[in-house]
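Engineer: here is a sequence together with a model predicted from it:
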Amino acid sequence: MMECALGWPEGLHLLAAAGAVPTPAIELAVFRHDVDSVAEILSTKASMFLDTVPLAESQRWYPWKLRSNGLCSSALQASLCSHCYRAGDSICPQVDNTMRSCCSDRANLKGALSPYRNEIPRLLVAAVKERRAMLTKLAVEHLALQKCRELGVTSNSPLDSNAFATYTALLESGICVPRALYPGKRPLLLSFNILCRSGGFPLAQALFDNGVCELNVSADGVSPLASIFEEGLADGQKELAIRWLLENGARAAFPSSDMLPNFLFYLATVYDSADIHDRHWRLQARQMADWCKANMTTFGQPIEFITVATPDYKTTPTMIGFVAQYCNPVERDSCSCPCSSGGCLPLHKFRNGITLKKQLPGPRLLYGWLAEPWSNFSEILRSWIRDCQLDETQAREYLRDACRLEVFTRLGMAHTCCKFQRDNHNGRVPRRQERDEELCRELEDEDTELAEQLEGIMEAYDTALSEHQGSTEEFWTRWWADLQSLLPEISAEERKLRYL
C-alpha cells in the first residue's frame, strides 16, 4: 500500500500510522533511486522489522524472506532485494520473470547500486541507531535497575541481541512502546543476507562501524559467521566478510552441543580443490556418464546423457589458511564412532563425491551423487593440509585418521557417527540430531571382529611409520601401495552405500 504513496510524504505518514507495511515501498523507492522517499519512509511510525508474520517451514531456510506474501522481513533486506531478489510476485520490474532489469548483468548491477552504496545505507544505519537509542532510553527510564542489568541494557553498548527481550520487558511492564521501535526478533546481522551482492557486506560493516550491531550473536544457535559457510564466493565478498568478522572479534569456535566444534568443520563440508577437479574433469565425466547409463533411469528408461555438475566453489586456499589461524585445526568433535581416533576431524566432513545432473523435460533437473575414488580423496586431503598450513605433527594426525577412515570403509564397517543435518528451524546450518543409541550399540557389536582387524592394521601403520626413514609423503605413497593387495579399492557404488 505505501508504495502507492511514494513522492507524497503526507500519504506515507498516514499509511504508516494506519499500520501499512513499509518494505515493499522501500524496495520500489530504492529501485527508482528515490532517496528522498526512503528517508521519508524511515521517518514514519512504521516498524523496520516484520518478523512477527508467521513463517512457513520452507521459509525458515532464509528467515529474512517472507515469501508467502512477497515481503522482506526487514527494511535492511528490502533495500538489498530491490536489485537482486528473484521473485515472481515482486512489485519491481523483471526480465523473463526472474531478475530485475537492473540485474540482468553485473555491469548494470554496479551502475544501479551507485546511489545505494552511498546514501541509502547511511539512512538505514542512522534510522536503526536512532530507534535503538530511543528504546534504550525507555528501558533505562522505566525498568528497574536490576532488570536493566539482567537484560544487559547500558548506554555504552549496542542494543542488538538483547533488543527484543528489552522490548518485551517494556510491554510486560505496561509501558506504551511506539510501533516504530519494534526491533525484530533476530540480531541485526541475521536480519538480512550479509553476502547479498547488492550491498549486504557494506551494510553490515556500516552497522558495526556505527556501534549498532554485535558480531557474537545468534539466532537458533547460529551466528553471522556460521550462517555464511555455504554461500558461494560472491566475487570475493565471502572471503572478505569472513576475514572482517574474525578480525573484529567474531568467535570461530562454537560451544553449542548441537553445532560442529568450529568454523573450519563447516568449511570442510563444502571444500573442493579447483586444481584437483580441473585435472580429473574429463576422466570423471566419462566414468560418471558410463556409470549413470548403467545404473540410473528416468521414468523407468535408461539415461542416455548426463553431465558432471561443475562445482560451485565455496572456499579458496587463502580462506582456509586464514580461518585455520583462528581455529584449532586438529580439534575433534565428541563422536565415538570407530572411524576416527577419538572424535571426527574436519576431514571426516569432506563431501567425498561428485554431483551428477540430467536435464528433464521442462525446468526440472535430476540429480545424483557418486562417491569419489580413494586417490581423489587422498589428493583433496593433502590439499587441505597445505591450505591449513599444518605442521608435521598435525599433518601426521590427519593422515593417520584418513587411513583409519579408509580402512574402516573398505572393511565394510557401519558408521555410528553423530549425525548433522539441516532441520526445519534453521535449514541453512547442519545441526546435531539425536542418535538411536540402541541401534548404534547393535551395529558396533556386529562389527566387533572387523574392529579388531581395523586396530591391527592401524598398529601396523604406526609401526611402519616409526621405522620409515624418508618423508611423510613417501611413506604415504608406499603404505597405500602395500595395503592395496590386502584391502583392494572398492567400487564407487559400494562407497556410496557405505557413506550413506
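Structural biologist: Received the coordinates, thanks.
Engineer: from here on, just use CA atoms for contacts and neighbour counts.
Structural biologist: OK.
Engineer: buried set for stretch 462-479?
Structural biologist: 465, 475-476 (16 or more other CA atoms under 10 Å).
Engineer: cool, stretch 162-180 as well?
Structural biologist: Residues 162-164, 166-167, 169-170, 180 are the ones in stretch 162-180 that count as buried (16+ other CA under 10 Å).
Engineer: okay, helices next: where are they in the stretch 351-500 of the chain?
Structural biologist: 374-388, 392-411, 437-446, 448-467, 472-483, 492-499 (DSSP state H, counting those that start in this stretch).
Engineer: and the fourth one, what does it pack against?
Structural biologist: Just to be clear, that refers to helix 448-467. With contacts taken as 3 or more CA pairs under 8 Å, 6 or more residues apart in numbering; DSSP states H and E, helix 448-467 sits against helix 392-411.
Engineer: where does this structure have low pLDDT?
Structural biologist: 52-71, 82-117, 277-311, 352-370, 421-428, 431, 492-493, 496-500 (pLDDT under 70).
Engineer: would you map the strands across it?
Structural biologist: Using DSSP state E, the strands of the chain run over residues 65-66, 71-72, 297-298, 301-302, 307-308, 353-359, 365-371, 419-421, 431-433.
Engineer: how many residues are close by Pro430?
Structural biologist: By other CA atoms under 10 Å, the residues close to Pro430 number 18.
Engineer: repeat that for Leu439.
Structural biologist: Leu439 has 11 neighbours, counted by other CA under 10 Å.
Engineer: quick check: it vs Thr416, distance?
Structural biologist: Leu439 sits 9 Å away from Thr416, going by CA to CA, to the nearest Å.
Engineer: just Lys349 next, same as before
Structural biologist: Computed as CA to CA, the Lys349 to Thr416 distance reads 14 Å.
Engineer: residues contacting Glu135?
Structural biologist: One thing to correct before we go on: residue 135 is Leu, not Glu. For Leu135, the contact set (CA atoms under 8 Å, 6 or more residues apart in numbering) comprises 167, 181.
Engineer: same drill for Lys349 and Thr416, tell me which one is more crowded.
Structural biologist: Counted by other CA under 10 Å, Lys349 and Thr416 do not tie: Thr416 has more neighbours, with 19 against 16.
Engineer: for that one, which non-adjacent residue is spatially closest?
Structural biologist: Cys337 (5.1 Å; CA to CA, 6 or more residues apart in numbering).
Engineer: same thing with Val212?
Structural biologist: Nearest to Val212 is Pro158, by CA to CA, 6+ apart, at 5.2 Å.
Engineer: go ahead and confirm the one you found touches Glu214.
Structural biologist: Yes: at 7.2 Å, Pro158 and Glu214 qualify as touching, with contact defined as CA atoms under 8 Å.
Engineer: all helices of the stretch 201-350 of the chain, in order?
Structural biologist: 224-227, 237-247, 263-268, 274-295, 317-324.
Engineer: the helices of the stretch 351-500 of the chain: which one's closest to Arg186?
Structural biologist: Closest of the helices of the stretch 351-500 of the chain to Arg186 is helix 374-388, at 33.1 Å (criterion: CA to CA).
Engineer: tell me the buried residues in that closest one?
Structural biologist: Taking 16+ other CA under 10 Å as the criterion, helix 374-388 shows 374, 376-378, 380-385, 387-388 as buried.
Engineer: so it versus helix 392-411, what angle?
Structural biologist: Using axes from the mean of the first three to the mean of the last three CA atoms, to 10 degrees, the inter-axis angle of helix 374-388 relative to helix 392-411 is 160 degrees.
Engineer: any residues touching helix 374-388, and which ones?
Structural biologist: 272-273, 276, 317-318, 320-322, 324, 329, 347, 352, 395, 398, 406, 489.
Engineer: now stretch 410-420
Structural biologist: Contacts of stretch 410-420 (CA under 8 Å, 6+ apart): 334-339, 430-435, 440, 443-444, 447, 450-451, 454, 487-490, 498-499.
Engineer: among those, name the buried ones.
Structural biologist: Applying 16+ other CA under 10 Å to these flags 335, 337-339, 430-432, 440, 444, 447, 450-451, 454, 489, 498 as buried.
Engineer: show me which pair in these is furthest apart.
Structural biologist: Arg431 and Glu489 (32.1 Å).
Engineer: right, and Asn262 touches Phe254 too?
Structural biologist: Yes: if you go by CA under 8 Å, Asn262 and Phe254 touch, sitting 5.3 Å apart.
Engineer: looking at the two, which has the bigger crowd around it?
Structural biologist: More crowded of Asn262 and Phe254, by other CA under 10 Å: Asn262, with 24 against 16.
Engineer: list the contacts of that one.
Structural biologist: 252-254, 327.
Engineer: for it, which non-adjacent residue is spatially closest?
Structural biologist: Closest residue to Asn262 apart from its sequence neighbours, by CA to CA, 6+ apart: Ala253 at 4.1 Å.
Engineer: and the gap between the one you found and Ala324?
Structural biologist: 11 Å.
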